[in-house]
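> can't give you the sequence, but here's the structure:
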């Protein structure tokens, strides 16, 4: 439990009323109990407060908290930012006993910092280094010579490949893979894809068997990076794949070999970046959006969900559609497309 006053102080927010009132945790307004904190940061939730039993709530600035029958209130000028703080105060981190589980396998040449906790069936390979205070949950694998900074949290089933370098405060959700081989193959003679690019056609002939190009590089990840469940970041072919500081990667995201991603980017679920593309800083890639290979995406770019980017994108642009174009162009094209049936009817009828 925490008092309303202490919670407001932790959030850097304003509290009014009986700030000594204690709450056990947050709840939706209509379902909140008497000892819970109702999250009603928008006027549209005002009616729901009357259906619940909360005595304290987080409200929008200027809300009539006394008229709502509340004993105390916290005002949230930026609701989602305050929600972030609330979630941290009431967070329930994964359970993991301190120390090293008896079933874990730690190579004698590996190095674990102070306060590192290791769960059951974890493997840490030769020469690997894990920073202070990191937590490796059950079934995590760290390959040889990998380096992970301090304060990391690796959920169950995470796989970190050989020679990967990761900064501080790294978070990887279950099943994430960092440092798998890139998808890179070649044929002894010109293959169908090469021929299609060169001539725009494919001849009817047998093709040689694909030969693997091994990935000799690795992956370098900055500080404060998070990777979602079952996402994959491939190692580079010669140079390293790079993920910049503060970048957040959602579930089921694919980052191909040699890709470079800048700082403070968001890569949403099921998006994919093909090999050797370069992504600038503060780029947002929407869900199911795709970036073709060897492209340059500028900084401060937003690529909307389900878009397919097939050409370079300059800074400060919003891209939409398949193939992706400027958002205003895509909207105009879509409006024109919707008018086509009416135009066709007029042509047929001769009007």
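Thanks, I have it. The structure presented is a predicted model; accordingly, all values stated were derived computationally and were not measured. Numbering: from 1, shown residues only.

> Could you pull up the residues touching residue 247?
Each residue near residue 247 by C-beta atoms under 8 Å, 6 or more residues apart in numbering is listed here: 222, 225, 261-267. In this view, the C-beta of every residue, glycine as well, is placed from N, C-alpha and C.

> 10 Å instead?
221-222, 224-227, 255, 261-267, 279, 281-283 (C-beta atoms under 10 Å, 6 or more residues apart in numbering).

> For the chain, which residues score under the pLDDT cut-off?
Scanning the chain for pLDDT under 70 picks out the ranges 204, 351.

> go with 80
Applying pLDDT under 80 to the chain picks out residues 204-207, 350-351.

> Could you list the domains of it?
Split into domains by automatic domain parsing, the chain comes to 2-89, 176-327.

> what would these look like in a markdown table with distance to residue 169?
Listed next are the domains of the chain as a markdown table, based on distance: least, C-beta to C-beta, whole Å:
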| stretch | distance to residue 169 |
| --- | --- |
| domain 2-89 | 13 |
| domain 176-327 | 5 |
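
> is the spatially most central residue of the chain in a bridge, and if so with what?
What sits nearest the mean C-alpha location of the chain, by C-alpha atoms, centre = their mean, is residue 249, with 2.3 Å. Beta bridges link residue 249 to residue 227, residue 267, judged by DSSP bridges.

> Surely residue 178 touches residue 226?
No - using C-beta atoms under 10 Å, residue 178 is not in contact with residue 226; the gap is 11.9 Å.

> Find the residues that touch each one of the two.
Jointly contacting residue 178 and residue 226 under the rule C-beta under 10 Å, 6+ apart are 170, 172.

> and these two? which has more neighbours close in?
Comparing residue 178 with residue 226 by other C-beta atoms under 10 Å, the one with more neighbours is residue 178, at 29 against 17.

> how about the protein, which residue sits the furthest from its center?
residue 350 (54.0 Å).

> on that earlier part again, dump the residue contacts of the residue nearest to the centre of the chain.
The contact partners of residue 249, taken as C-beta under 10 Å, 6+ apart, are 172-173, 176, 221, 225-228, 231-233, 243, 255, 261, 265-269, 271, 285.

> what's the answer for residue 246, then?
Residue 246 makes contact with 167, 169, 222-226, 262-266, 281-282 under the criterion C-beta under 10 Å, 6+ apart.

> Quickly note the distance from it to residue 213.
Using C-beta to C-beta, to the nearest Å, residue 246 is found at 31 Å from residue 213.

> And the helices in the stretch 251-351 of the chain, which stretches?
For the stretch 251-351 of the chain, the helices defined by DSSP state H, counting those that start in this stretch occupy 327-349.

> one step back: which of the contacts of residue 246 are buried?
Among the contacts of residue 246, those classed as buried by 16 or more other C-beta atoms under 10 Å are 167, 169, 222-226, 262-263, 265-266, 281-282.

> all helices for the stretch 1-150 of the chain, in order.
4-11, 46-49, 79-89.

> would a markdown table of these with distance to residue 38 and mean neighbour count be doable?
Formatted as a markdown table, those follow (distance: least, C-beta to C-beta, whole Å; neighbours: other C-beta atoms under 10 Å):
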| stretch | distance to residue 38 | mean neighbour count |
| --- | --- | --- |
| helix 4-11 | 12 | 19 |
| helix 46-49 | 6 | 16 |
| helix 79-89 | 11 | 14 |
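
> Kindly reformat these as JSON lines containing distance to residue 105.
Shown next, in JSON lines, are those (distance: least, C-beta to C-beta, whole Å):
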{"stretch": "helix 4-11", "distance to residue 105": "40"}
{"stretch": "helix 46-49", "distance to residue 105": "52"}
{"stretch": "helix 79-89", "distance to residue 105": "33"}
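
> Now do the contacts for residue 94.
By C-beta under 10 Å, 6+ apart, the contact list for residue 94 reads 119, 135, 137-138, 153, 155-156.

> any idea how far it lies from residue 199?
Remark: distance between residue 94 and residue 199 (C-beta to C-beta) = 54 Å.

> hmm, back to that, distance-wise, check the residue farthest from the centre of the chain relative to residue 336.
Distance, residue 350 to residue 336, using C-beta to C-beta: 22 Å.

> do the same with residue 329
Using C-beta to C-beta, residue 329 is found at 11 Å from residue 336.

> who has more neighbours, these two?
Counted by other C-beta under 10 Å, residue 329 and residue 336 do not tie: residue 329 has more neighbours, with 13 against 10.

> for that one, what are its contacts?
Each residue near residue 329 by C-beta under 10 Å, 6+ apart is listed here: 319-321.

> And those, which is closest to residue 49?
Comparing the contacts of residue 329 against residue 49 with C-beta to C-beta places residue 320 closest, at 38.1 Å.

> Quick check: that closest one touching residue 330?
Yes - using C-beta under 10 Å, residue 320 is in contact with residue 330, at 4.1 Å.

> anything in contact with each of these two?
Common neighbours of residue 320 and residue 330, using C-beta under 10 Å, 6+ apart, are 304, 307.

> Between those two, tell me which one has more neighbours.
A direct count of neighbours by other C-beta under 10 Å for residue 320 and residue 330 places residue 320 higher, at 22 against 19.

> For that one, give its distance to residue 69.
Taking C-beta to C-beta, one finds residue 320 at 46 Å from residue 69.

> try residue 180
Taking C-beta to C-beta as the measure, residue 180 falls 56 Å from residue 69.
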